[in-house]
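In: here is my input; please provide its structure:
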Amino acid sequence: MDDALRNPSKRVVGTKQVLRAVKNGQASKVYLCKDADEYIYRQVQSACEEHGVPVVPEDSMEALGKHCLIGVKTAAAAILK
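Out: This next block holds a predicted model:
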């Protein structure tokens, strides 16, 4: 996993913020959890495909949240350009 995920100024966390970053052309890479809600997973996946942003699959929302140094689970996180 990218160390930039630990730096709040270089990443966004959470589905809404990730989708906004992807659509605004600010995301360089997205981490998306396989155990996320299917609707959320598809929504983020298709936005990334549409905007040409690479997606890195993650196994666990809990692990991604811990790696981002936040106290909650998260379905998605994005590295900013």
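In: tell me which residues in the strand or helix carrying Ala78 are buried?
Out: Using DSSP states H and E, Ala78 falls within strand 76-80. Within strand 76-80, the residues that count as buried by 16 or more other CB atoms under 10 Å are 76-79. For every residue, glycine as well, the C-beta is placed using N, CA and C.
In: with stretch 57-70 instead?
Out: Buried residues in stretch 57-70 (16+ other CB under 10 Å): 58, 61, 64-65, 67-68.
In: surely Ala27 touches Lys81?
Out: Yes - Ala27 lies in contact with Lys81 (CB atoms under 8 Å); the separation is 7.2 Å.
In: what's the longest helix in this structure?
Out: When the chain is parsed with DSSP state H, its longest helix is helix 38-51.
In: nearest to Pro8 among the buried residues of stretch 57-70?
Out: Cys68 (8.6 Å; CB to CB).
In: just to revisit the earlier point, out of Ala27 and Lys81, which sits in the more crowded spot?
Out: Taking neighbours as other CB atoms under 10 Å, Ala27 and Lys81 compare with Ala27 leading, 26 against 11.
In: how many neighbouring residues does Tyr31 have?
Out: When neighbours are counted by other CB under 10 Å, Tyr31 registers 24.
In: the one 3 residues further on now?
Out: Other residues near Lys34 number 11, with proximity taken as other CB under 10 Å.
In: and the one 10 residues further on, by the same measure?
Out: As a burial measure, the neighbour count of Val44 was computed by other CB under 10 Å and equals 24.
In: touching, it and Ala76? I think so.
Out: Yes - applying CB under 8 Å as the test, Val44 and Ala76 come out as touching, 5.1 Å apart.
In: just the strands in this protein please.
Out: Secondary structure of the chain, counting by DSSP state E: strands at 11-13, 27-33, 55-58, 76-80.
In: can you redo the buried residues of strand 76-80 as CSV with pLDDT?
Out: Converted to CSV, the buried residues of strand 76-80 look like this (pLDDT from 0 to 100):
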residue, pLDDT
Ala76, 98
Ala77, 98
Ala78, 98
Ile79, 97
